[in-house]
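Colleague: Build me a model from this:
(one chain, ligands or ions: 1)
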Amino acid sequence: MKKLRFAVMGCGFWSNFQIPGWLESDEVELVALYNRTLAKAEKVGERFGVQRIYDDPEALMANEELDFIDIITDVDTHLKFTEMAAQKGVHVVCQKPMAANYEDARKLVEVCKKHHVQLFINENFRWQAPIRKLKQYIDSGVIGRPFKGRVSFCSGFPVFDNQPFLKELDRFILTDVGSHILDICRFLFGEAITLQCLTQRVNPQIKGEDVANVFMLMENGVHCYAEMSYASILEKELFPQTLVLVEGEKGSIHLTADYEIRISTRAGTQSEIVKPVLYDWIDPEYAVVHSSIVGAQMDILKGLQGGPCETTGDDNFNTVRLVWASYYSADHNCMVKMEDFI
Ligand SMILES: NC(=O)c1ccc[n+]([C@@H]2O[C@H](COP(=O)([O-])OP(=O)(O)OC[C@H]3O[C@@H](n4cnc5c(N)ncnc54)[C@H](O)[C@@H]3O)[C@@H](O)[C@H]2O)c1
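Modeller: Sure, this is the predicted structure:
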């Protein structure tokens, strides 16, 4: 099969993982890089052997024959670069969160439809090895019908050291981590019927909220609680692990610290460690997240080749809806019916 030619737009922190993730496949070819500051793109180009480097996005689009672009720039530029690519008939892979606000996310999906290009969101958290395994266990029926789920991402990790721009966001944890955590809720339990959310800002040095608690009734009847925090000073710092507890009629499944899955039924408890793949380019401390990039990318690659894909723009828009319905709920201190949140 012909290799798909792509360019990366945005050569910052996350490109150091996103690019080698793609290069795990021999079905894609990274042909060009673009960044606002040329020197940053040149440095990334040296590392990955890419010679065609741009600081002008129009020139990139005009000069290169591309099948798709991978957008890894600041969130508020995602729509602009998507529009540019779509107008050229180039398919778009874009980082989460899709856009800086709900309306821009809608426009981003629409512009791709208008120009008949495919849109995929690089939503990797649902591709974490322990999360995939947990889902298999839920689907196996080992705990019977699930009735309750708790998905937790609570940490005191200084996330602003690697990503200083996060300090400046008016809306922080729900757009950043919430995009992942609420997507995991959808992956595990399906769509939400109603949602209620409370937020707080604990760290006085940031603009947005760093704590959010979202409570949802899912279509399958599960009561789902998604808790996220960057203000949690806990006995054991587990960043960037997501912990999950699912209770069902016949037992429970607990994804707990260090990738341990504990399944408890009336017959007792069995335990298993589900470790992530240790690619040589990942930081082992963040292995569970970094290695999940590859699962997301390989699934997107299937989509680009005309097959099914989980994290299409349409699918991810449902996660975006949960994020912005959560803000609406927190701002108005109300429960949101998802069918009314268009
Ligand atoms: N999937 C994940 O787990 C994950 C993790 C981290 C970051 N991200 C996402 O990746 C994206 C980038 O985050 P990051 O941490 O790499 O940020 P970053 O600030 O380190 O990198 C962004 C890069 O984009 C460039 N850029 C910004 N605006 C630009 C513009 N107008 N034109 C050209 N270049 C521009 C910057 O120069 C920088 O090199 C964000 O959407 C973020 O949410 C995803």
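
Colleague: Contacts only, for the spatially most central residue of the chain.
Modeller: The centre of the chain sits closest to residue 123, judged by CA atoms, centre = their mean, with a distance of 3.1 Å. With contact taken as CB atoms under 8 Å, 6 or more residues apart in numbering, residue 123 is in contact with 96, 179-180, 183, 296, 311, 316, 319. (Glycine included, C-beta is placed from N, CA and C.)

Colleague: Let me have those in CSV, adding neighbour count, secondary structure and pLDDT as columns.
Modeller: Shown next, in CSV, are the contacts of residue 123 (neighbours: other CB atoms under 10 Å; DSSP: H, G, I helix; E, B strand; the rest coil; pLDDT from 0 to 100):
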residue, neighbour count, secondary structure, pLDDT
96, 25, coil, 95
179, 23, helix, 98
180, 24, helix, 98
183, 26, helix, 98
296, 25, helix, 98
311, 25, coil, 98
316, 26, helix, 98
319, 26, helix, 98
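
Colleague: near the ligand too, which of those residues?
Modeller: Applying CB under 6 Å from any ligand atom, the subset of the contacts of residue 123 adjacent to the ligand comprises residue 96.

Colleague: mind putting the contacts of residue 123 in a markdown table, distance to residue 334 included?
Modeller: Formatted as a markdown table, the contacts of residue 123 follow (distance: CB to CB, whole Å):
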| residue | distance to residue 334 |
| --- | --- |
| 96 | 26 |
| 179 | 22 |
| 180 | 25 |
| 183 | 23 |
| 296 | 34 |
| 311 | 30 |
| 316 | 25 |
| 319 | 21 |
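
Colleague: Now the terminal residues of stretch 269-280, how far apart.
Modeller: Stretch 269-280 has its terminal residues 34 Å apart, counting by CA to CA, to the nearest Å.

Colleague: How about the residue in the stretch 101-250 of the chain positioned nearest to the ligand, nearest residue that isn't a chain neighbour?
Modeller: Nearest residue of the stretch 101-250 of the chain to the ligand: residue 163, at 4.5 Å (CB to the nearest ligand atom). Of all residues not flanking residue 163 in the chain, residue 13 sits nearest, at 6.2 Å (CB to CB, 6 or more residues apart in numbering).

Colleague: Equivalent analysis for residue 137, please.
Modeller: The nearest residue in space to residue 137 (CB to CB, 6+ apart) is residue 253, at 5.2 Å.

Colleague: which residues does that neighbour contact?
Modeller: 134, 137-138, 142-143, 244-246, 261-264.

Colleague: what's the answer for residue 107, then?
Modeller: Contacts of residue 107 by CB under 8 Å, 6+ apart are 79, 99.

Colleague: going forward, begin numbering at 195 instead of 1
Modeller: I'll keep to 195 as the first residue from here, and by that count the last item is residue 301.

Colleague: And it, how far from residue 293?
Modeller: 8 Å (CB to CB, to the nearest Å).

Colleague: Against the ligand, how distant is residue 260?
Modeller: 16 Å (CB to the nearest ligand atom, to the nearest Å).

Colleague: contacting residues for the closest residue to that residue other than its chain neighbours?
Modeller: Spatial nearest neighbour of residue 260, excluding adjacent residues (CB to CB, 6+ apart): residue 284 at 4.9 Å. Residue 284 is in contact with 255, 260-263, 311, counting by CB under 8 Å, 6+ apart.

Colleague: so which of those is the most crowded?
Modeller: Comparing the contacts of residue 284 by number of neighbours (other CB atoms under 10 Å), residue 263 comes first, having 29 neighbours.

Colleague: Can you classify whichever residue of the chain sits closest to the ligand by secondary structure?
Modeller: For the chain, the residue closest to the ligand is residue 206, as judged by CB to the nearest ligand atom, at 1.8 Å. Recorded secondary structure, residue 206: coil (DSSP: H, G, I helix; E, B strand; the rest coil).

Colleague: how many other residues sit next to it?
Modeller: 18.

Colleague: what do you get for residue 218?
Modeller: 15.

Colleague: what about it, which SS state?
Modeller: Of the three states, residue 218 takes coil under three-state DSSP.

Colleague: How about it, nearest residue that isn't a chain neighbour?
Modeller: residue 488 (5.2 Å).

Colleague: And whatever helix or strand that neighbour lives in, what does it pack against?
Modeller: Counting by DSSP states H and E, the element that carries residue 488 is helix 486-498. If you count contacts as 3 or more CB pairs under 8 Å, 6 or more residues apart in numbering; DSSP states H and E, helix 486-498 packs onto helix 209-216, strand 285-289, strand 313-316, helix 323-334.

Colleague: which one of the ones you listed is the most hemmed in?
Modeller: Among the helices and strands packed on helix 486-498, the stretch with the highest mean neighbour count (mean count of other CB atoms under 10 Å) is strand 313-316, at a mean of 26.

Colleague: Would you mind listing what in this structure touches the ligand?
Modeller: 204-208, 229-231, 234, 266-269, 271, 289-290, 316, 318, 357, 359, 483.

Colleague: residue ranges of the strands in the stretch 295-444 of the chain, please?
Modeller: 313-316, 340-348, 386-394, 405-412, 417-423, 437-442 (DSSP state E, counting those that start in this stretch).

Colleague: Nearest to residue 222, out of those?
Modeller: With CB to CB as the criterion, residue 222 lies closest to strand 313-316 of these, at 12.9 Å.
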